[in-house]
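# Okay, structure incoming, though there's no sequence with it:
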């Protein structure tokens with residue numbers, strides 16, 4: 001298999017051509033925030049993975065963060081959604 005497919009799958013490409021990993025790195029996002037973002041970003045895009053399954057994985061990390069930060073789940077979810085919009089080229 002081509003390493004390009006493993007290292008840079010299309011479902012992690014941003015509209016500007018960069019990888020989502022670069023976006024996460026540039027913002028110094030933590031593992032759980034980056035993971036929630038990645039699962040929301042790729043929901044419905046990865047062959048063989050349902051959008052619902054990816055969104056459930058994202059929800060796991062959102063719940064983890066909400067519990068660790070002792071804040072409402074909805075606040076964390078809105079933060080991750082804002083990052084998805086920013087990655088897509090909009091502003092948070």
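Yes, it's here. Remember, it's a predicted structure, so these values are computed and weren't measured experimentally.

# need the longest helix for this structure.
If you go by DSSP state H, the chain has its longest helix at helix 51-69.

# Just the residues contacting that one, thanks.
Residues from elsewhere that reach helix 51-69, judged by CB atoms under 8 Å, 6 or more residues apart in numbering: 32-33, 35-37, 39-40, 42-44, 46, 72-73, 75-77, 80. Every residue, glycine included, has its C-beta placed from N, CA and C.

# now do 6 Å
32, 35-36, 39-40, 42-44, 73, 76-77 (CB atoms under 6 Å, 6 or more residues apart in numbering).

# Can you flag which of these belong to helices?
Filtering these for helices - DSSP H - leaves 32, 35-36, 39-40, 42, 73, 76-77.

# and those residues, which two are the farthest apart?
Spanning the widest gap among the ones in helices among the contacts of helix 51-69 are 42 and 73, at 21.1 Å by CB to CB.
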